[in-house]
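Trainee: below are the sequence and a predicted model; questions follow.
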Amino acid sequence: MEMAFILNANRGVPETDKLFNNGGGRLLTGLGRRFEFTFPREARRLVFANTAGAASPLISGRLRDGLQVDIGLSVQYKLKQDRAEVENLFYSYGSNWEDFFSKYIRGASRNVLSEHGVFDMWERRGVI
């Protein structure tokens with residue numbers, strides 16, 4: 001199940017004034033119009049690991065002490081089912097919005113790693 005905006009191929013522009021979020025069935029879009037830009041309605045998960053099915057490899061970063069570490073991470077997210085929010089996401093990042101999420105999570109994780117030392121990673125692992 002997905003949410004979608006229509007692409008008007010006659011004019012070459014997306015129609016973002018309505019977010020189609022009905023959960024299935026047939027919809028008549030008209031000539032030269034099709035559902036081109038889709039977004040998931042259900043929760044999604046990004047996995048950073050060295051396993052099959054992972055979105056990306058392990059996240060490599062350096063601790064405050066300079067030690068390089070590789071971490072595995074799993075992040076679950078769900079998009080708001082609001083037309084204005086989805087439109088903002090679409091115009092800000094286009095159809096590559098999931099790549100942006102992945103890069104943002106990778107960068108934020110590296111920033112958090114750089115704030116902690118070796119002993120923090122062992123003693124406060126659950127908190128970090």
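Mentor: That came through, no problem. Numbers count the residues shown, from 1 in each chain.
Trainee: contacts, neighbours, all on C-alpha from now
Mentor: Will do.
Trainee: next SSE downstream of the helix or strand harbouring Val75?
Mentor: If you go by DSSP states H and E, Val75 is part of strand 73-77. Sequence-wise, the next helix or strand downstream of strand 73-77 (DSSP H and E) is helix 83-93.
Trainee: the longest helix belonging to the chain vs helix 83-93, what angle?
Mentor: When the chain is scanned for its longest helix (criterion: DSSP state H), the result is helix 97-114. With axes from the mean of the first three to the mean of the last three C-alpha atoms, to 10 degrees as the basis, helix 97-114 and helix 83-93 are set at 80 degrees to each other.
Trainee: CA atoms only for the next helix or strand after helix 97-114 - export them in PDB, please.
Mentor: Counting by DSSP H and E, the next helix or strand C-terminal to helix 97-114 is helix 118-123. Taking Å, rounded to 0.1, in the frame of the first residue of the first chain, the C-alpha atoms of helix 118-123 are listed here in PDB:
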ATOM      1  CA  VAL A 118      36.400   3.400  24.000                       C
ATOM      2  CA  PHE A 119      35.200   2.800  27.500                       C
ATOM      3  CA  ASP A 120      31.900   4.500  26.800                       C
ATOM      4  CA  MET A 121      31.300   2.100  23.900                       C
ATOM      5  CA  TRP A 122      31.800  -0.900  26.300                       C
ATOM      6  CA  GLU A 123      30.200   0.400  29.500                       C
END
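Trainee: what's next to stretch 33-51, contact-wise?
Mentor: Outside stretch 33-51, the residues that touch it by C-alpha atoms under 8 Å, 6 or more residues apart in numbering are 1-10, 53-59, 71-79, 81, 95, 102.
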